[in-house]
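Participant: My questions concern the predicted model and sequence given below.
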Amino acid sequence: MPKLTQLKRSIQGKVALVTGAASGMGRATAFLFADEGARVAAVDVNRQGVEDVVAEIQKAGGEAQGWPLDLRDPKGINALVDAVRERFGGIDILVNNAGISRPAPFEAEAYEEGWAETIDVNLTAHVRLVRAALEDLRASGEGRVVNIASTEGVGAQPFVSAYTASKHGVIGLTRAMAVELGQKGVTINCICPGPIKTGMTAQIPDEAKEKFARRRVPLRRYGDPEEVAHATLSLVLPASSFINGAVLMVDGGMSIQN
Ligand code: NAI
């Protein structure tokens, strides 16, 4: 049957750079993008984790290469983008997903260390990656950036102030990029996941997770990494060409429940 519409819902053949790809949502995103036919550049500070993810993608018949990198290293980011361009010929999709949480009360002696590390990984690395990949994203014609923020980007809880500030920053950065860079086909959006079962929440006991979800999440459960990966996929489709600067809550309704 001939197509009645114009826009494509496929990322087949696109080059997608995913950070934090060794675990949780980044891993699920790398897998989903590979399943959809994208060529995946998997980046993470966890070398073994990156190798494992790439091996799993290749075993399933997908295309991926891994780059172990601590995203706090600005030179490393520039070298990474050069290497991905050399390997795959460009970058169409960038998912700034890697993130850390270093809970600390304001009175903590080591507060500033945690603050600096959190802002570096959760926010500054995002800017550096977009700046480094900008020419490739423009050249793509369908360049897409998705930044992973959090429900802590629109609200706050005690003892995670650096994380909260970084995630509010990710939303601000997304909007600033969307208005300044949203030309030549590059769109920049962000996702605010709610509580998701990943490495970051692995130390929370199951009973505590269930109790929290019953009280706070209308869907009464934690989300799975793949559910966030699908939201990310939606935002990077060629067909999502008019979505720019959006802040998409993927939180089972948590943020709208009074
Ligand atoms: P995760 O801990 O399972 O995965 C994060 C990955 O980032 C890890 O593989 C880790 O090695 C990597 N990473 C950390 N620091 C890095 C660095 N300096 N350089 C390179 N890679 C580094 O956690 P999760 O939950 O999958 O986190 C993904 C994103 O989702 C993060 O930005 C996080 O803040 C965000 N998020 C998580 C939520 C949750 O409930 N799990 C809720 C809302 C947002």
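Facilitator: Everything's here; your move. It should be emphasised that the depicted structure is a prediction, and the values quoted were computed from it without experimental measurement. Numbering: from 1, shown residues only.
Participant: Shouldn't residue 147 be within a helix?
Facilitator: No - applying DSSP: H, G, I helix; E, B strand; the rest coil, one finds residue 147 to be strand, outside a helix.
Participant: Please work out how many residues are found near residue 172.
Facilitator: Around residue 172 there are 14 other residues, counting by other C-beta atoms under 10 Å. In this view, the C-beta of every residue, glycine as well, is placed from N, C-alpha and C.
Participant: tell me which element it falls in.
Facilitator: helix 161-181 (DSSP states H and E).
Participant: Can you give the distance of that helix from its chain's centre?
Facilitator: Centroid separation for helix 161-181 versus its chain: 13 Å, with C-alpha atoms, centre = their mean, to the nearest Å.
Participant: now what about the helix or strand just after that helix, what contacts it?
Facilitator: Sequence order places strand 187-193 as the next helix or strand after helix 161-181, per DSSP H and E. Contact with strand 187-193 is made by 25, 130, 143-151, 153-154, 167, 170-171, 174, 177-178, 181-182, 223, 228, 231-232, 235, 240-241, 243-251, 255, as judged by C-beta atoms under 8 Å, 6 or more residues apart in numbering.
Participant: ok, back up a step: tell me what angle the helix holding residue 172 forms with strand 187-193.
Facilitator: Angle, helix 161-181 to strand 187-193, by axes from the mean of the first three to the mean of the last three C-alpha atoms, to 10 degrees: 160 degrees.
Participant: quick one, what contacts the nearest residue to residue 17 once chain neighbours are set aside?
Facilitator: Closest residue to residue 17 apart from its sequence neighbours, by C-beta to C-beta, 6 or more residues apart in numbering: residue 41 at 4.3 Å. The contact partners of residue 41, by C-beta under 8 Å, 6+ apart, come to 15, 16, 17, 18, 64, 65, 67, 84, 87, 88, 91.
Participant: Now do the end-to-end distance for stretch 3-10.
Facilitator: For stretch 3-10, the separation between the terminal residues is 14 Å (C-alpha to C-alpha, to the nearest Å).
Participant: can you offset everything so residue one is 57?
Facilitator: With 57 as the first residue, the last one maps to stretch 59-66.
Participant: Residue 189 touches residue 148, doesn't it?
Facilitator: No - judged on C-beta atoms under 8 Å, residue 189 makes no contact with residue 148 at a distance of 9.7 Å.
Participant: in the chain, which spans are helices?
Facilitator: 80-91, 103-115, 130-144, 167-175, 181-196, 217-237, 262-272, 281-292 (DSSP state H).
Participant: To the ligand, which of these lies closest?
Facilitator: Checking the helices of the chain against the ligand by C-beta to the nearest ligand atom gives helix 80-91 as the closest, at 2.2 Å.
Participant: Is the closest one in proximity to the ligand?
Facilitator: Yes - remark: helix 80-91 sits within contact range of the ligand at 80, 81, 82, by C-beta under 6 Å from any ligand atom.
Participant: which parts of that helix are buried?
Facilitator: 80, 81, 82, 83, 84, 85, 86, 87, 88, 89, 90 (16 or more other C-beta atoms under 10 Å).
Participant: Of all pairs in these, which one spans the longest distance?
Facilitator: By the measure C-beta to C-beta, 80 and 90 form the most distant pair in the buried residues of helix 80-91, at 16.2 Å.
Participant: re the thing from before, pull out the buried residues from the contacts of residue 97.
Facilitator: 71, 72, 73, 74, 120, 121, 123, 140, 144, 147.
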